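Q: Below are the sequence and a predicted model; questions follow.
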Amino acid sequence: MLRESMQMSGGQVDVAQVTRGFGETAEVAHAAALAEFAEAVVLRDAERAAAARARLHTVLGPEGLVDAAATVAAFHGFVRLADAIGIPYTTAARGRDVPELREAAGINAFHRVRGEA
């Protein structure tokens, strides 16, 4: 989704930053703050999430915070649903994902993708 939205807006994103971390050169507005919020939610770190929420509220406003929270919740839920019903990563997107994108983003290094539990 990030790649598609950046293409629609005429921007570019280094997808490796998704796993490596967003630097100052990221064309995604407030990328570091958004990534921090997403990581705090996934890690279930309430204190870290509260601090990240406050930062997002400051830089994005209340509407932007709600959009960010809804997006994080949706993606977090998608992964949990797939895991809960046993969808293996190898059949995700019916095999139509882009292998080069997975490699560039560093996703192939994840335990689940390699078939490890």
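A: Now that the structure is in, tell me what you want to look at.

Q: Would you map the helices across the protein?
A: For the chain, applying DSSP state H gives helices covering 2-9, 17-20, 31-42, 46-84, 99-105.

Q: Let me know which of the ones you listed is tucked in deepest.
A: Highest mean neighbour count among the helices of the chain (mean count of other CB atoms under 10 Å): helix 31-42, with a mean of 18. From N, CA and C alone the C-beta is placed, and that goes for glycine too.

Q: Among the helices of the chain, which one carries the weakest average confidence?
A: Lowest mean pLDDT within the helices of the chain: helix 2-9, at a mean of 60.

Q: Please report the distance of A73 from A32.
A: Going from A73 to A32 by CB to CB, to the nearest Å gives 20 Å.

Q: Next: E39.
A: The spacing between E39 and A32, counted by CB to CB, is 11 Å.

Q: Check G61 too.
A: Taking CB to CB, one finds G61 at 18 Å from A32.
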